[in-house]
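Student: predicted model, plus sequence, below.
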Amino acid sequence: MRKVFITLLTIMSVAVMAQKDQTYLTLNNGVVIPQFGLGVYSISAGEVTYNSVLTALKAGYRHIDTAHAYQNERSVGQAIKGLNAWQNFTGKKLSEGG
């Protein structure tokens, strides 16, 4: 629980910076993505991930970094559901096998 609180506190404390001073990166294929984002690697699936992602999005984050191996993609998807896709960039890592 303490880890979740620290995660949410960190998200909220840098929200103003994330909104005002957002920098972007251009990928090799020309796609432009926000440089600063929320990684959900160590966040448990379910309500914890859902609330963390939702709080980040409300705070102005537009880049969520996830992967199938994290086993919390469903919770990330539920949090971003209904938002305009052009407002968000969700990074996903693919395993070598597909």
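Tutor: Great, that's in hand. Since the structure is predicted, the reported quantities are computational estimates derived from the model, not experimental observations.

Student: burial count for residue 70?
Tutor: 20 (other Cβ atoms under 10 Å). (Each C-beta comes from the backbone N, C-alpha and C, glycine too.)

Student: same deal with the one 3 residues further on?
Tutor: Here the count is done by other Cβ under 10 Å, and residue 73 has 17 residues near it.

Student: now swap in the one 3 residues further on and tell me
Tutor: When neighbours are defined as other Cβ under 10 Å, residue 76 has 24 of them.

Student: got it, and the one 3 residues further on?
Tutor: Summarising burial for residue 79: neighbours were counted as other Cβ under 10 Å, giving 21.

Student: which element is it on?
Tutor: helix 73-80 (DSSP states H and E).

Student: give me the mean pLDDT for that helix.
Tutor: Here helix 73-80 scores 90 as its mean pLDDT.

Student: where along the protein do the strands fall?
Tutor: With DSSP state E as the definition, the chain shows strands at residue ranges 24-26, 32-34, 38-39, 63-67, 89-93.

Student: could you spell out the sheet neighbours of the first one, each with its direction?
Tutor: The one in question is strand 24-26. strand 32-34 (antiparallel) (DSSP bridges).

Student: hmm, who's touching the strand it pairs with?
Tutor: Defining contact as Cβ atoms under 8 Å, 6 or more residues apart in numbering, one finds that strand 32-34 is touched by 22, 23, 24, 25, 26, 27, 61, 62, 63, 89, 91.

Student: contacting residues for the spatially closest residue to the fourth one that is not a sequence neighbour?
Tutor: Here the nearest residue to residue 25 in space, its sequence neighbours aside, is residue 35; by Cβ to Cβ, 6 or more residues apart in numbering that works out to 5.0 Å. The contact partners of residue 35, taken as Cβ under 8 Å, 6+ apart, are 22, 23, 24, 25, 63.

Student: quick revisit: can I get the helix holding residue 79 in PDB, CA atoms only?
Tutor: This file holds the C-alpha atoms of helix 73-80, laid out as PDB (Å, rounded to 0.1, in the frame of the first residue of the first chain):
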ATOM      1  CA  GLU A  73      -2.800  -4.600 -19.600                       C
ATOM      2  CA  ARG A  74      -6.500  -5.100 -18.900                       C
ATOM      3  CA  SER A  75      -6.400  -2.600 -16.000                       C
ATOM      4  CA  VAL A  76      -4.500  -0.100 -18.200                       C
ATOM      5  CA  GLY A  77      -7.000  -0.500 -21.000                       C
ATOM      6  CA  GLN A  78     -10.000   0.100 -18.600                       C
ATOM      7  CA  ALA A  79      -8.400   3.300 -17.400                       C
ATOM      8  CA  ILE A  80      -7.800   4.800 -20.800                       C
END
